[in-house]
Structure formats: structure tokens, C-alpha cells
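Q: here is the input, now give the coordinates:
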Amino acid sequence: MDRILQNFITALRRSGVRISVAETMDALRAAELSGYGDRLLLKDFLSASLAKSMPEKEIFEVCFSRFFALDYITGEDFLLENEGLPPTLQGEAPLTQIFMSGDVGGLAMALRSAGERADIRSIQSWTQKGLFMQRLFQELGLEGLNRDIRTLAEIGGQDAVNQVKALESMRDNLMERVRNLVERQLELYAAQRQYELSEGYIRNARLSALDERDLARIHKIIQRMVKHLKDRYSRRAKAARRGHLDFRKTFRKSITYGGLPFDTHWKSKKIDRPEIVVICDVSRSVSNIVRFFLLILYSLNEVISRIRSFVFCTNLVDVSPLFETHPLPEALAMLRSGTGIPILLGRTDYGGSLLDFRNQYSDCLTKKATVIILGDARNNYAEPHTEVLRMISERCKRLIWLNPETPSLWGSGDSEMKKYLPYCSIARECSTLRQLERVVEYLLRVHNR
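A: Alright, predicted model coming up:
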């Protein structure tokens, strides 16, 4: 296989482009047809073979421009010209001889070969830049060049001094170009790895500790998360809805075709999509988690039949109409700012909010509904009204409590979590994106069994 093309495909894969073996063979044949002489023609051929979507084409454009960039060893002023060198002062190291002979092409080939031997494509992190620079210097024979420079300096004389200065200047220039080469290889081969490490950190970091600058990344992660859940559980629901083959009806209809089962019939099966009732504490300590949890839930409208959402702080308010009449991002922004919502953002009162729910909205509780309460259960030492939570637990299918605090803090200070625990089907810590994803996946999984 063409070594250059293999390295380029490796760079594409590490940048997030999915390339199969068949597509690799197509790209190889395309490169054979186009050759490497015409850069634009090669780019068009490889793009048609390897990039399958607009995001992948954008990645392909960046990778192609970086991978097939011009050599780093260029410029007439980089190497010393032969007529300025005294012929009696020669170095022993190969790198010294390349410098003194003015062989720009030889230096470019030496750098390329050193990169292959140093396996520079295996770089994974910016912390490895120093390591790979040292490997390249070692493969290039930089120590031999330094030894020749010291030897010339000991000889003395104006010619030797001039040559030492010229070699030192070229060495510094080469070191700068090696640094640029390593940085470009890092961008080419490790960009996706850096992105994955950053995404892994965001998925596992406490949402309350993330900055505003991370919000765009969080939304992208949630979009991919929602797409994965939709693809997984929508397919399962469609397959289940189809049911099993109805042999009696199929054989009865096949009489028309001489017994051949052209017209198949399937037993219909009703799919019980989950009904969700969400009761969220929107005080400052929980607001970020509530925001992203509702974003995930309402993005899954294809696999969740109905969502009733309530928010509370000092009192409880039904915000379901907000999501029905406004686009999801706008509804979340209004929820965060409190615009148009008659909620009192004073001292958090779990007991009073539970009473509000019982008195005004308990009719939404059915044996098909899963009730999710998201909050830290810190009630400011007010009456917890656990009897309301018991009523909710008895009238719904299951009651899940998601608490952003670690279990070791449950029941400490003004937390009423331990008093609420006996009435919960499940109680879990939920303070990161990964924990939110597991909760939502659990809800979809138990309703698709």
C-alpha cells in the first residue's frame, strides 16, 4: 500500500473521519489514477473516496492542507553558500556536511527520514512535544553537529569563528523548524485525541463547576448524546412495534399466490413509551444541572410520549406550556432568567412545593408515569412533608430522586434527603453529564424491555 496515502488516512481517522477498508482501497485506486503531481486533482479524488458528509469534508480539507503542506526546509538563506566556506575547515558529522554543502533537498530528506524513525505520527499529547523534538534531534545527529562546532571553536582563527557563527545560526533555524514540524504533526495526528480528552473531562466534571465558556462544548456533547439515544431506542421501538409474524394470516393470504408467502402479516404490538413527570429545584446550587437535564429530556421527544415539567424554589410552578409554545433553547433561556414564570426565588421550601404539587397537579400522576425529582433536598429547616412524597410514590409507576450532592452529604445540615429516601424507588447522585446520560438511558431501557 502507498505509504503516503496510509499516513494520510491515519491522520483522517485520528481527526474523527470513519474510513472502512473498502474506502481505503477506493482511495488507493483513486490516487493511482490521479497521481501526486496535480495537488487539486488528488484532493478531489481522495475527497470523493473518503469524505462522506459535510462535517467529514470540513475535516478532510484541514487534514489535506496540513498533510500535503510544502516542505519545512525551504528558503535560500537557510543553508550556507559554498563559496563562503573555507575548504580546509570541514566537519565530520553528516548534518554539518549537509549545512556546509548547501544541500537543501538533502536536509529535507534527512528531516523526513528522521521523522519516520522517530515515529512522530504516534504523538498523542502536547506534553510529548519535548520528547519527540529530542527524538528528532537524535535521529538527525544534532550532537555530532554540536561536537563539530566545539572543535571549530577550539581551532581559532577568523575563518573558524565565521564558520562557527554560521553553523550555530543554521542549527538554531533547524531547531525552530523541528519545533514547528512537531507542532504541526500534533495538530494533524492528535487533534481528535485532545478533543476526546477534553470531552471526557467535561462529561465527568461537576456541572456546577464548569465555566460559561464550556457551555458550547456541553451543548455539542448533549447533541451527540441525544442522537445516540434516539438511534438506539427508536430502532428498538420500531422493531418491537412490528411484532411477530402472524402465520395464520400470512398462509391465508398466500393461497392467492399458490402458497408462496408474498404478502406477510405481522402481529401488532403496542409500545409503551415512557411518561415523565419532572419536578426540579431551580435554586442556584442546582440550576445548571436542571437546565441540561431538561435539554436532554425534551430533545428525546421521539422516544418519550409525554413530559410534564415543574420547577420550584419557594413555590412550585408548571412550566410544561413554556416548552410547548417556545423553541427548546428559548424555553430554557426563559426558565433560567425567570422571564414570564410566576416563581418566587427566595428560600428553598421542599415541603411547601410538594404541597403545591399535591393540591394543584396531582391529577397528572398515573401508574404509567415515572416521577423524577431533581434537587439537593436542602429545605432550610422547614417542614419536609414526607407524607406528600409517600402519596406521589404510591400513585406513580416509580419515583426517582436525583441529587447533585454526594451521598455522604445526604442528611447533613438542613438536608432532608434521608427522610425522603424510603419513598424513592431509586435515589442517585447526579451532578455530571455522564450521570445524566445514565439516568436517561435507564428510563428508556426499562420502558423498551
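
Q: quickly find the element holding Gln138.
A: helix 129-140 (DSSP states H and E).

Q: measure how far that helix is from the centre of its chain, please.
A: Distance of helix 129-140 from the chain centroid (CA atoms, centre = their mean, to the nearest Å) equals 31 Å.

Q: what comes up buried for it?
A: 132-133, 135-137, 139-140 (16 or more other CB atoms under 10 Å). (Glycine included, C-beta is placed from N, CA and C.)

Q: between those residues, which is nearest Thr370?
A: Phe132 (52.2 Å; CB to CB).

Q: can you tell me the average pLDDT over stretch 246-260?
A: On average, the pLDDT along stretch 246-260 is 72.

Q: using PDB, write out every CA atom in stretch 294-307.
A: The C-alpha coordinates for stretch 294-307 follow below in PDB (Å, rounded to 0.1, in the frame of the first residue of the first chain):
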ATOM      1  CA  LEU A 294     -34.400  19.200  30.700                       C
ATOM      2  CA  LEU A 295     -32.400  19.800  27.500                       C
ATOM      3  CA  ILE A 296     -31.800  16.100  27.200                       C
ATOM      4  CA  LEU A 297     -35.300  15.100  28.000                       C
ATOM      5  CA  TYR A 298     -37.100  17.400  25.700                       C
ATOM      6  CA  SER A 299     -34.700  16.600  22.900                       C
ATOM      7  CA  LEU A 300     -35.900  12.900  23.200                       C
ATOM      8  CA  ASN A 301     -39.500  13.700  22.200                       C
ATOM      9  CA  GLU A 302     -39.400  10.900  19.700                       C
ATOM     10  CA  VAL A 303     -39.000   8.200  22.300                       C
ATOM     11  CA  ILE A 304     -40.800   9.800  25.300                       C
ATOM     12  CA  SER A 305     -44.600  10.100  24.900                       C
ATOM     13  CA  ARG A 306     -45.200  12.900  27.300                       C
ATOM     14  CA  ILE A 307     -43.300  15.200  29.700                       C
END
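
Q: gap between that stretch and the chain center?
A: For stretch 294-307 - counting by CA atoms, centre = their mean - the centre lies 22 Å from the chain centre.

Q: got it, and stretch 346-355?
A: Between the centre of stretch 346-355 and the centre of its chain there are 38 Å (CA atoms, centre = their mean).

Q: what are the ranges of the helices in the stretch 1-150 of the chain?
A: 3-14, 21-34, 39-50, 54-67, 94-101, 104-117, 129-140, 142-155 (DSSP state H, counting those that start in this stretch).

Q: for the closest residue in space to Ala118 that isn't next to it in sequence, list the residues it contacts.
A: Leaving aside its sequence neighbours, Ala118 sits nearest to Arg135 (CB to CB, 6 or more residues apart in numbering; 3.8 Å). Contacts of Arg135 were listed using CB atoms under 8 Å, 6 or more residues apart in numbering, and they are 118-120.

Q: returning to that earlier point: tell me which of the helices of the stretch 1-150 of the chain lies nearest to Glu330.
A: Shortest distance between Glu330 and the helices of the stretch 1-150 of the chain, using CB to CB, is found for helix 54-67: 25.6 Å.

Q: okay, that closest one in PDB with CA atoms only?
A: The C-alpha trace of helix 54-67 is given here as PDB (Å, rounded to 0.1, in the frame of the first residue of the first chain):
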ATOM      1  CA  MET A  54     -20.200  17.800   5.200                       C
ATOM      2  CA  PRO A  55     -18.600  17.600   8.600                       C
ATOM      3  CA  GLU A  56     -16.200  15.000   7.300                       C
ATOM      4  CA  LYS A  57     -15.400  17.100   4.200                       C
ATOM      5  CA  GLU A  58     -14.500  20.000   6.500                       C
ATOM      6  CA  ILE A  59     -12.100  17.800   8.500                       C
ATOM      7  CA  PHE A  60     -10.700  16.500   5.200                       C
ATOM      8  CA  GLU A  61     -10.000  20.000   4.000                       C
ATOM      9  CA  VAL A  62      -8.000  20.800   7.100                       C
ATOM     10  CA  CYS A  63      -6.100  17.500   7.200                       C
ATOM     11  CA  PHE A  64      -5.200  17.700   3.500                       C
ATOM     12  CA  SER A  65      -3.800  21.200   3.700                       C
ATOM     13  CA  ARG A  66      -1.700  20.200   6.700                       C
ATOM     14  CA  PHE A  67      -0.600  16.800   5.500                       C
END
